[in-house]
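Peer 1: quick check, what structure comes out for this input:
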Amino acid sequence: MRALLAALLLLVTTALPAAAHPPARLRAMTFNIHTGIGADGALDLDRSAAAIRAAHPDVVGLQEVDVRWSERSGFADQAEELGRRTGMRVFFAPIYDLPGEPHRRRYGVAVLSALPVLLTRNHEITRLSTQDPGLSPTPMPGFAEVVVRTRAGLAHVYSTHLDYRPDPSVRAAQVHDMLRVLARTRAPKILLGDLNAEAGAPELAPLWTALRPVPSAPTYPAAAPTAAIDHVAVSGDVRTRAVSVPDTRASDHRPVVADLVLP
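Peer 2: Model (predicted):
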């Protein structure tokens, strides 16, 4: 039944004409929360929640989210806690889901939404594991997709975290994998993520054939940013009204906030 509903929703999102609804404004935010550990090295999830609330976003893509992972985050369910502290709906997409006592240990990305959520998916993309260095790059989960209802109709919101290593080959494979997912719908798309590369990096170039990066100021490191590696990117039918990079030390990254107009 779930598969049937997903297929019907995909049919609707690809078939509806853009002119069927009036344009809608939407505020999107991407934020690598560094498991709630700020630029000062202190764990304080309240700061993360406060930084999100201060931006008044409609949707948020989160990266580096712990769910009962370890002592570094107090074994908290950070996805659930941030949903509760911001009053937003939450979808957590684990990259790692490992045995643990008394709870499973999970780490990944998430999407927060103030808008109604119709469908959620956790897609696989190529990853080089940080938990088992002996593994070769292999498909792993952690590419989140959330379909939300806006005043303009349905929109697909994605949260992603690409490989951090200097070698760009894994990021290039991840871009290829994400493009396959993005191609499944013609509905408006918003990608939120820590891509661990600037927009002009060669390995990201194929991504910009499907999406348009929203230019922003540097985001990393938070104390004195020099690298614009956290991105909001949108499909060609989505317009950008404004973009900002809030000055916060709640993480080792600063977030990006973009005011968008959906068709």
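
Peer 1: the strands in this protein, which residues?
Peer 2: Taking DSSP state E, the strands of the chain run over residues 24-32, 59-67, 89-98, 105-113, 117-127, 138-150, 153-161, 189-194, 212-213, 230-234, 239-244, 256-262.

Peer 1: nearest to residue 170, out of those strands?
Peer 2: Residue 170 lies closest to strand 117-127 among the strands of the chain, at 6.3 Å (Cβ to Cβ). (Glycine included, C-beta is placed from N, CA and C.)

Peer 1: could you pull out the buried residues of that closest one?
Peer 2: For strand 117-127, the buried set under the neighbour-count rule, 16 or more other Cβ atoms under 10 Å, comprises 117, 119-123, 125-127.

Peer 1: let me know which of the strands of the chain is the nearest to residue 169.
Peer 2: The minimum distance between residue 169 and the strands of the chain falls on strand 117-127, with 9.4 Å, by Cβ to Cβ.

Peer 1: what's the angle from the closest one to strand 105-113?
Peer 2: Here the directions of strand 117-127 and strand 105-113 differ by 130 degrees (axes from the mean of the first three to the mean of the last three Cα atoms, to 10 degrees).

Peer 1: alpha carbons of strand 117-127, as PDB, please.
Peer 2: Only the C-alpha atoms of strand 117-127 are listed here, as PDB (Å, rounded to 0.1, in the frame of the first residue of the first chain):
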ATOM      1  CA  VAL A 117       4.700  16.600   5.000                       C
ATOM      2  CA  LEU A 118       3.200  14.100   2.500                       C
ATOM      3  CA  LEU A 119       6.000  11.700   1.900                       C
ATOM      4  CA  THR A 120       9.500  10.900   3.200                       C
ATOM      5  CA  ARG A 121      12.300   8.800   1.700                       C
ATOM      6  CA  ASN A 122      15.900   7.900   2.600                       C
ATOM      7  CA  HIS A 123      17.800   7.300  -0.600                       C
ATOM      8  CA  GLU A 124      21.100   5.600  -1.000                       C
ATOM      9  CA  ILE A 125      24.200   7.300  -2.500                       C
ATOM     10  CA  THR A 126      27.800   6.200  -2.700                       C
ATOM     11  CA  ARG A 127      29.700   6.600   0.500                       C
END
